[in-house]
Every structure is written in structure tokens, then in C-alpha cells.
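**Student:** generate a structure from the sequence data that follows.
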Amino acid sequence: MKQKHASLKVRDFDLEVKAVEDGGTFKGYGSVFGVVDSYGEIVAPGAFAESLAEIKAKGRPVPVLWQHRSGQPIGVWDELAEDTKGLFGTARLLIEDLALAKEAHALMRVGAVSGLSIGYWVRESSYDEKTGVRTLTKLDLVEISLVTFPANDEARVDAIKMKLAHGQLPTISEFERLLREAGFSKTQAAVVANRGLPHLLRSESEGAGEKQAAIERMNSMLDGFSLPSL
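**Tutor:** A predicted model of the protein is given here:
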């Protein structure tokens, strides 16, 4: 079953320190093909091809952001291309011009900043109801950030909130994982997700008014959502 939708999301990967050079240049994968991530999603080869072609045609480089903060660009991606493994790129931090870029570079060299995270819109995907896995087949690349911790829980919560903001409800598997990350046991998360969310998903199919009401209820719940202190 294919679906087209717009959903601003993030996707995290570890960054190897050995890929960081003295002049502020570093290399790494912003996405890897064929691996099911914590959202229950998998990126298909070719998913970035159309977006990369559009970016090249516009002549506008993809920015390196600090922690997904749009007001804090610290460099640019000079090269981005798909290979057999995933989306690979070479980036350049503006360490001679920006103090934050210089700080980020120093933190990367010692391993205190250890992740890459891409921000993207989902243009097209397909969902396998049997496995609960969504395959992302066409993505719009927006930015690639340096992050302190890859795959952090707050980013996952924010990603689901962004999905709701664009008129979509999470899948049952996404919601169950969110509950697990919040500290619920596997059994508790399954009960809450499978008893509560299906009603909202049914409402989505009943019309625009019911769908909006369902989204508002989910947003209200997430507004009070807090992760447990460790």
C-alpha cells in the first residue's frame, strides 16, 4: 500500500571521530539503506535521488546545522550522493568564521559530539501491515545536523509532534515505541497503544472533522508527555 504525505522527521546515525579533519572537513553517512530504525522505518535505495538532483539544480548547498536549530548553521555539505550503503557526504565546518563551528569541531575531535541527524520530508512511502514496517521511497532532504547524542528520545517525541502538526497520526508501532521510551513496560505499552490509538485511527477515516478532533486529542496528550529522569 503506497502513501504520499508530508511529514518533517529526523533520522540519526553515529559519527566516527576518525572522519573529522583538522581543517573542519568531515565525512559521514546521513542515512543508511535497508536498516529498520527505531521508528520502524526503512529507507529504500534511490529515496534521495530526486531531492539531490533538485538541490544541485538550484545550486543551494545543504546546511550543516547545530542540533537541528535552524538559526544556527555552522557549515555546508560540499558533496552529497547515494552509494550502495546510503547517503554519504563531505561537509565543511566554517571554523575560521563562526565560533560555534569551531566549538563543534573541537567537540567532534574528542568524541563529545557523536552523531549525524538528517531533517527531511517524506514525499512517498509504503506500509506493510503484516510487518509494521514503513519503507520510505522518496524523501526531501532539508538539512543534516551534528547532534550530541544520536537517536535521542526527545527527538523521537518531537518527530511525532511534527507529524501531528501536519495532519497525521502516528502508527500503532510508532506510538508503542514512544511509550516504551517513556518508561512503560512492553506489556503496558502494547495495551495502551492497541486500545487507545486504533480508535483515533478509525476516527481519521470518518471525515475531516473527526480526524482533526483525533489529532487534537493526541496533541493534548503529548503536550503533557515528559520523559523520566535518569
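**Student:** isn't I42 right up against R134?
**Tutor:** Yes. Using CB atoms under 8 Å, I42 is in contact with R134, at 7.3 Å. In this view, the C-beta of every residue, glycine as well, is placed from N, C-alpha and C.
**Student:** contacting residues for the closest residue to G34 other than its chain neighbours?
**Tutor:** Spatial nearest neighbour of G34, chain neighbours left out: I42 (6.4 Å); criterion: CB to CB, 6 or more residues apart in numbering. Neighbouring residues of I42 by CB atoms under 8 Å, 6 or more residues apart in numbering: 33-36, 133-136.
**Student:** would you tell me which one of these comes nearest to G111?
**Tutor:** V35 (22.8 Å; CB to CB).
**Student:** report the contact partners of the closest one.
**Tutor:** The contact partners of V35, by CB under 8 Å, 6+ apart, come to 42-43.
**Student:** and it, its phi and psi?
**Tutor:** Main-chain dihedrals, V35, degrees, to the nearest 10: phi -120, psi 130.
**Student:** tell me the secondary structure for N194?
**Tutor:** The assignment at N194 comes out as helix when based on DSSP: H, G, I helix; E, B strand; the rest coil.
**Student:** tell me the pLDDT at it?
**Tutor:** Note on N194: pLDDT of 72.
**Student:** just to revisit the earlier point, mind giving me the ChimeraX select for the contacts of I42, buried ones only?
**Tutor:** Buried members of these, defined by 16 or more other CB atoms under 10 Å, are picked up in ChimeraX with:
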select :33,133,134,135,136
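**Student:** got the phi/psi numbers for R109?
**Tutor:** Backbone torsions for R109, taken as degrees, to the nearest 10, come to phi -60, psi -30.
**Student:** please name the nearest non-neighbouring residue to it.
**Tutor:** Take R109 and drop its neighbours on the chain: the residue closest to it by CB to CB, 6+ apart is V20, 5.6 Å away.
**Student:** the one you found: neighbouring residues, count only.
**Tutor:** Other residues lying near V20 total 23 when counted by other CB atoms under 10 Å.
**Student:** so it makes contact with F26?
**Tutor:** Yes. With contact defined as CB under 8 Å, V20 reaches F26; the gap is 4.5 Å.
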